[in-house]
Each structure stands twice: as C-alpha cells, then as structure tokens.
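>>> below are the sequence and a predicted model for it; my questions follow.
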Amino acid sequence: MNGDVVAFFGNIHVRGHAEHDAVAFLGNVSLGDNASIAQDVVVFAGSLRVGSNATIGNDRVVFPIFVLLLPLLLLGGVVALIIWAIRALLFRPRAVYPMPPPR
C-alpha cells in the first residue's frame, strides 16, 4: 500500500507492506505475520497487535482510552463543584430571629 493508512472508529489490518504511517482513532491496528509498516504506528484508544516477524519502521505509540476520558472526568468534576456551590449558597441555613416580646 502506498501512502498513509488512517482509520476513524475502525480497525486496520496489515497483511503486506505499508509505505508510510498507520493511524487508528478509536480502533485497533494489527499486523499479520511478516507484515511491515515503514514508518510510525499511532493508536488512540485501541490496541496494537504485532504478528510474528512483523516490523514497524520507527515509532509505535499507543494512547489508552483513559487519556481521552480524562478531560471529560475533569469537566464533570468542575460541573459538580459549580452545582454544589450554587446549592450551598441558595440553601444555606439562616438564623431565625425570634419575634420581639409582647408589651
């Protein structure tokens, strides 16, 4: 295959030779036996499977799904903190003053 191999929400299966990079976003990359990728392999939220005698030219980078979910977790924490602060300000206990004594 000539050129780069890119997959969004899908898998890449290499059984021969890929000339340049392979990038999978929310998918897996698998290299068959004796397959090769000439340059880099990058996998976002997926896995990399390398068969026997398969080669990758330069770098292999695998980002776990936790790296993609971390900003969502932080955003959820900030939203929960804002909701808690608003509820604490609106429903805080207020002092109840007794009525003045009758004359």
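Received, thanks.
>>> going forward, measure contacts and count neighbours with C-alpha atoms only.
OK.
>>> name the residue closest to the centre of this structure, please.
For the chain, L68 is the residue whose C-alpha lies nearest the centre (C-alpha atoms, centre = their mean; 1.8 Å).
>>> how much space between the residue lying closest to that residue once chain neighbours are set aside and P64?
Once flanking residues are discounted, L68 sits nearest to A45: 7.3 Å by C-alpha to C-alpha, 6 or more residues apart in numbering. A45 sits 5 Å away from P64, going by C-alpha to C-alpha, to the nearest Å.
>>> check S47 too.
8 Å.
>>> more crowded one of those two?
The residue with more neighbours, out of S47 and P64, is S47; 20 against 14, by other C-alpha atoms under 10 Å.
>>> residues contacting stretch 47-63, please?
27-46 (C-alpha atoms under 8 Å, 6 or more residues apart in numbering).
>>> nope, stretch 65-82 is what I was after
For stretch 65-82, the external contacting residues (C-alpha under 8 Å, 6+ apart) are 44-46.
>>> now the contacts of stretch 47-63: which count as buried?
27-32, 35-46 (16 or more other C-alpha atoms under 10 Å).
>>> before we move on, back to that, adding secondary structure, write the contacts of stretch 65-82 out as a markdown table.
As requested, these are exported to a markdown table (DSSP: H, G, I helix; E, B strand; the rest coil):
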| residue | secondary structure |
| --- | --- |
| F44 | strand |
| A45 | coil |
| G46 | coil |
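>>> now tabulate these in JSON lines and tack on pLDDT and distance to A18.
Output for the contacts of stretch 65-82, formatted as JSON lines (pLDDT from 0 to 100; distance: C-alpha to C-alpha, whole Å):
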{"residue": "F44", "pLDDT": "92", "distance to A18": "19"}
{"residue": "A45", "pLDDT": "90", "distance to A18": "22"}
{"residue": "G46", "pLDDT": "91", "distance to A18": "19"}
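>>> lovely, talk soon.
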